[in-house]
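Undergrad: Curious how this folds, go ahead:
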Amino acid sequence: MEASEIGPRRLHQQRLAGPPCADPVAAVRRLGCVQAQEYAVAKWSLAQRSAPGVTDAAVQRLLDDGVILRTHILRPTWHFVLGEELGWIQAVTAHRVHVFNGYYNRMHGLDESTASAATKVIGSALRGGNHLTRKELEAALAAAGFPATGNKLAYVVMFAELAGLIANGVRRGKQHTYALVSERVPAPVSLGPAEGLAELTRRYFTSHGPATIKDFAWWSSLTVAEIKRGIAACGAALSSEVVDGRTLWFAADAPPPPPPPAAALLQGYDEYVVAYSDTKCAYNLAGTVPPPGQYTENGMLHTIAFDGQVGAFWRRKTGPKTITVEIDLLIDPTTAQRRALTAEIDRYEAFAELPVTVSFV
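TA: Numbers count the residues shown, from 1 in each chain. Reported below is the predicted structural model:
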């Protein structure tokens, strides 16, 4: 395997190339967890990996119904995860996320006893189908003698999330709410610790591979020792190959990948971009960077990949009834790449169910 083959293989395994997943539920199941920091475009990442016709509203219904949940899991940031799988994945990874959160927990006085007491207050406030905003949880905590605002409140709530007690509930207008997982997930999947570790390991390397142990450690927050145990438990399901001095792991039955898409409109936290640390350069072999001064205001930097490699950056601006996509081309796309980019934007417009205007900067 050459370094240039890593990107096409990942695009195929992540279902950004070749046959798509049947729907967003299948996409989340395949990837295990999907980073959802930027909520609106994170939903687009699920639609991109699904059969054509998925809209923003359809993904939102899955979230409102609790089929897909949004919560803090893996690295201490937002992810989409299937409601039925949240419990066993938290059981495998939450202890490591607490390690990453240790500095702020200590700064805010959140020892095990205090955090557990606050978590009980949150559980009581949400019981009975209540879906409350973070501000409303703040009021409930204050009334029970646990004042917390700002960053402290975020970590108090995260304790309850990492315990698998709460996740996002039904969206209220533009506001996210929290709800009890036990009231949203009627039939959670149960896996023992060793089985869960093996499954998460298999899931990552199957859907994100080829990738290194360091890549998986970044994605999952697990230790190298834990990951090695997980790989051993996967047995013949995973294969490995050394490329440029790094051992890459991937699904043993992964077929040869199809050609990468001529153009892919990726959000900034797409799994193809963010799920790696050790081999992150695989999607940017040329070391492409945005021009100095670009994207410093109003809008997050997103990526356009041409044939799997960074070739442009874009940002999204929303109006009351329209979306503007501003594109900064860093290469001169071929005719095929331009046609593919137009098709991608058309698909994004259909997903958003709003007219999309394109401008080049």
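Undergrad: Poorly predicted segments of the stretch 251-361 of the chain, please.
TA: Scanning the stretch 251-361 of the chain for pLDDT under 70 picks out 290-300.
Undergrad: buried set for the lengthiest helix in the chain?
TA: Looking only at the chain and at elements set by DSSP state H, the helix with the highest residue count is helix 335-352. When burial is assessed from 16 or more other C-beta atoms under 10 Å, helix 335-352 yields the following buried residues: 337, 340, 341, 344, 345, 347, 348, 349, 350, 351, 352. To be clear about C-beta, it is placed using only N, CA and C from the backbone, and glycine gets the same treatment.
Undergrad: from those residues, which is closest to residue 81?
TA: residue 351 (21.1 Å; C-beta to C-beta).
Undergrad: Residue 55 is in contact with that closest one, correct?
TA: Yes - using C-beta atoms under 8 Å, residue 351 is in contact with residue 55, at 5.6 Å.
Undergrad: Give me the common contacts of the two.
TA: Common neighbours of residue 351 and residue 55, counting by C-beta atoms under 8 Å, 6 or more residues apart in numbering, are residue 47.
Undergrad: circling back to that earlier point, and the longest helix of the chain, what does it pack against?
TA: helix 39-48, strand 264-266, strand 302-306, strand 323-329, strand 356-360 (3 or more C-beta pairs under 8 Å, 6 or more residues apart in numbering; DSSP states H and E).
Undergrad: quick one: contacts of that helix?
TA: Residues outside helix 335-352 that contact it (C-beta under 8 Å, 6+ apart): 44, 47-48, 52-56, 261-265, 304, 306-307, 311, 323, 325, 333, 355-356, 358.
Undergrad: now those residues: which count as buried?
TA: For the contacts of helix 335-352, buried by 16+ other C-beta under 10 Å: 44, 47-48, 54, 56, 261-265, 304, 306-307, 311, 323, 325, 333, 356.
Undergrad: Do a quick rundown of the strands in this structure.
TA: Per DSSP state E, the chain carries strands over the ranges 34-35, 68-73, 77-82, 166-168, 178-180, 238-243, 246-251, 264-266, 302-306, 309-318, 323-329, 356-360.
Undergrad: where's residue 10 relative to residue 220, distance?
TA: Residue 10 sits 17 Å away from residue 220, taking C-beta to C-beta, to the nearest Å as the criterion.
Undergrad: Residue 109: how many residues sit nearby?
TA: If you count neighbours by other C-beta atoms under 10 Å, residue 109 ends up with 10.
Undergrad: ugh, wrong one, residue 205
TA: 30.
Undergrad: Which residues are in contact with it?
TA: Contacts of residue 205 by C-beta under 8 Å, 6+ apart are 211, 216, 231, 234, 238, 249, 250, 251.
Undergrad: at 6 Å what do you get?
TA: By C-beta atoms under 6 Å, 6 or more residues apart in numbering, the contact set of residue 205 is 238, 249, 250.
Undergrad: Neighbour count, pLDDT and distance to residue 141 for those - can I get that in CSV?
TA: Shown next, in CSV, are the contacts of residue 205 (neighbours: other C-beta atoms under 10 Å; pLDDT from 0 to 100; distance: C-beta to C-beta, whole Å):
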residue, neighbour count, pLDDT, distance to residue 141
238, 22, 98, 44
249, 24, 98, 43
250, 22, 98, 45
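Undergrad: could you dump the helices and strands packed on helix 335-352 to TSV with distance to residue 144?
TA: Output for the helices and strands packed on helix 335-352, formatted as TSV (distance: least, C-beta to C-beta, whole Å):
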stretch	distance to residue 144
helix 39-48	29
strand 264-266	43
strand 302-306	41
strand 323-329	42
strand 356-360	46
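Undergrad: Tell me which of those sits nearest to residue 227.
TA: Taking the helices and strands packed on helix 335-352 one by one with C-beta to C-beta, helix 39-48 is closest: 24.5 Å.
Undergrad: Show me the beta-bridge partners of the residue positioned nearest the centre of the chain.
TA: Compute the mean C-alpha point of the chain, and by C-alpha atoms, centre = their mean the closest residue is residue 35, 1.4 Å away. Taking DSSP bridges, one obtains residue 79 as the residues bridged to residue 35.
Undergrad: isn't it right up against residue 76?
TA: No - between residue 35 and residue 76 there is no contact under C-beta atoms under 6 Å: 11.6 Å.
Undergrad: Just name the closest of the buried residues of helix 335-352 to residue 243, please.
TA: Closest to residue 243, out of all of the buried residues of helix 335-352 and judged by C-beta to C-beta, is residue 337, at 26.3 Å.
Undergrad: Which of the helices and strands packed on helix 335-352 sits closest to residue 279?
TA: Comparing these against residue 279 with C-beta to C-beta, the closest turns out to be strand 302-306 (15.5 Å).
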